[in-house]
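**Q** I would like the atomic coordinates for the input below:
(one chain, ligands or ions: 1)
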Amino acid sequence: MGHIEDLSSVMIKAKSQPSWTSAGLETNSHWRITLPESILSSTLVLHHWLEARGYTWQSPEARGMRIQNLDLLANVMRYHLTQTTGVVLLSGFDVAEYGESASRLLLLQLGYVLGSVLDKRGLLYDVCDRGQDHRQANVLFSSTCTSPGYHTDSTDADLMPGIVSLLCLRTAREGGVNRLANTLTAYQRLLRSQPEVLRRLCEPFIRDKIIVGEVGTRSHLDRLRNAFPVFEWGRWYPGLTCRYMRYWIEAGHDKAGLPLSEEDLFVLDQFEATLNQEDITYQLQLQPGDMIFLNNHLIAHDRTEYLDWEEPEKKRHLVRMWVGNDALQRHASKPDDMKLNHLYG
Ligand SMILES: [Fe+2]
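**A** You can find the predicted model right below:
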């Protein structure tokens, strides 16, 4: 299921899916959303209510609580994530004034309204340099200050988050710039210029995966089983899926005793080169309080290497949330002006 036989048919089927170049994304301003005042104030009221009762942003008691207009905002976001850009940037939460805890509450509540929040490494996962080296066993790139290169999140064959979101709490001293690339645009370019490369990308590659706290040795069969193509159609939701991270593909093949052939390395080089074409890459530096949401099937992300602050309280800190594919399957109609006015009224 999901295998792409006819490479060209994807272009017809994917007509309503987001495809952009960096210049196209720059000129489209709809995906940059300012947090409506009604949602901000309602979040702060809920946060205060929870605190007064000894609860926190992650207490189960917060789950059923309603933030005014959050469903309207989630619908607008879902529309852009599935049909226009695959990216939404939500700005306007002043972390210094309202606190980290309230920003986490808003992120998680948005996740609940969008779909199922995945609890793989906690509902919200702290992305910060823990002084680790990704070459050591079971270390995530998100625990280091190195650049992971373009990737989509999760290398587990059985787990594919639909939406990846990142809340910025603090920026690094230097670097740590976010890079985004549209993989449907990369698919289109490869189809035109190197269809043989694209064909190989539609066949399985073995992936290594991180199992934090893993005990014992993984069986050879287990390693072979964690294999899937870079490009698939319709396996997780009705659309194109790109699942990619160069490092974990190479590690997966090496650890399974089946190192990548020269031909396969060439294919990955060509894909990397396409994603890194200057007119495909869109760069942005998240500011404290910014929340970015990515359609993890279509938008590959990366961050540049960074130099952090000496003081522990100033160090770069992002918070990641994964939302399931149910968030992308619900119908999202184009938001009409009346609804948008209501949101900002
Ligand atoms: Fe990531």
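**Q** Now do the contacts for the residue nearest to Arg170 when sequence neighbours are not counted.
**A** Among residues not flanking Arg170 along the chain, His317 sits closest, at 4.6 Å (CB to CB, 6 or more residues apart in numbering). For every residue, glycine as well, the C-beta is placed using N, CA and C. Residues counted as contacts of His317 (CB atoms under 8 Å, 6 or more residues apart in numbering) are 126-128, 168-170.
**Q** switch the cut-off to 7 Å
**A** The neighbourhood of His317, defined by CB atoms under 7 Å, 6 or more residues apart in numbering, consists of 126, 128, 169-170.
**Q** now do Ala256
**A** By CB under 7 Å, 6+ apart, the contact set of Ala256 is 206, 220, 223-224.
**Q** That one and Trp248: what is the separation?
**A** 12 Å (CB to CB, to the nearest Å).
**Q** what comes up buried for stretch 50-59?
**A** With burial defined by 16 or more other CB atoms under 10 Å, the residues of stretch 50-59 counted as buried are 50, 57-58.
**Q** repeat for stretch 264-277
**A** Those would be 264, 267-268, 270-271, 274-275, for stretch 264-277 by 16+ other CB under 10 Å.
**Q** mean confidence for that stretch?
**A** On average, the pLDDT along stretch 264-277 is 98.
**Q** Could you do stretch 336-345 as well?
**A** Computed over stretch 336-345, the average pLDDT equals 71.
**Q** just to revisit the earlier point, the contacts of His317 in strands, which ones?
**A** Residues from these lying in strands, with DSSP state E as the criterion: 126, 169-170.
**Q** List the contacts of stretch 167-177.
**A** 95, 100, 103, 107, 283, 285-291, 303-309, 314-319.
**Q** ok, the contacts of Ala256 vs Leu260, which is closest?
**A** Relative to Leu260, the closest of those is Ile206; by CB to CB it sits at 9.1 Å.
**Q** List the contacts of the closest one.
**A** Contacts of Ile206 (CB under 7 Å, 6+ apart): 223-224, 226-227, 252-253, 256, 258.
**Q** Include distance to Ser116 when you put these into a markdown table, please.
**A** Output for the contacts of Ile206, formatted as a markdown table (distance: CB to CB, whole Å):
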| residue | distance to Ser116 |
| --- | --- |
| Arg223 | 28 |
| Leu224 | 29 |
| Asn226 | 22 |
| Ala227 | 25 |
| Gly252 | 27 |
| His253 | 32 |
| Ala256 | 31 |
| Leu258 | 34 |
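**Q** Keep only those of those residues that are in strands.
**A** Checked against DSSP E, those include these in strands: Ala227.
**Q** Tell me, how many residues neighbour Asp94?
**A** Asp94 has 13 neighbouring residues, counting by other CB atoms under 10 Å.
**Q** re earlier: out of the contacts of Ala256, grab the one that's most surrounded.
**A** Of the contacts of Ala256, with other CB under 10 Å as the count, Ile206 tops at 23 neighbours.
**Q** Apart from its neighbours in sequence, what residue is nearest that one?
**A** Leaving out its chain neighbours, the residue that sits closest to Ile206 by CB to CB, 6+ apart is Gly252, at 3.9 Å.
**Q** can you check Arg223 too?
**A** Ala256 (4.3 Å).
**Q** Which pLDDT does the model give that neighbour?
**A** For Ala256, pLDDT reads 95.
**Q** What about Asn226? Give its phi and psi, please.
**A** phi -80, psi 60 (degrees, to the nearest 10).
**Q** quick revisit: show only the entries of the contacts of Ile206 found in helices.
**A** Cross-referencing the contacts of Ile206 against helices under DSSP state H gives 223-224, 252-253.
**Q** Could you save these as a markdown table and add columns showing distance to Leu340 and pLDDT?
**A** Below are the ones in helices among the contacts of Ile206 laid out as a markdown table (distance: CB to CB, whole Å; pLDDT from 0 to 100):
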| residue | distance to Leu340 | pLDDT |
| --- | --- | --- |
| Arg223 | 49 | 91 |
| Leu224 | 50 | 93 |
| Gly252 | 45 | 96 |
| His253 | 48 | 97 |
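**Q** Check these and tell me the two furthest apart.
**A** Leu224 and His253 (10.3 Å).
**Q** and the contacts of Ile206, which two are the farthest apart?
**A** Asn226 and Leu258 (12.4 Å).
**Q** Looking at the two, which has the bigger crowd around it?
**A** Here Asn226 and Leu258 are compared on neighbour count by other CB under 10 Å; more neighbours surround Asn226, at 20 against 13.
**Q** contacting residues around the closest residue in space to the more buried one that isn't next to it in sequence?
**A** What sits nearest to Asn226 in space, not counting adjacent residues and going by CB to CB, 6+ apart, is Ala157, at 4.8 Å. By CB under 7 Å, 6+ apart, the contact set of Ala157 is 225-228.
**Q** Show me the helices in the stretch 101-250 of the chain, by range?
**A** For the stretch 101-250 of the chain, applying DSSP state H, counting those that start in this stretch gives helices covering 183-193, 195-201, 220-225, 246-255.
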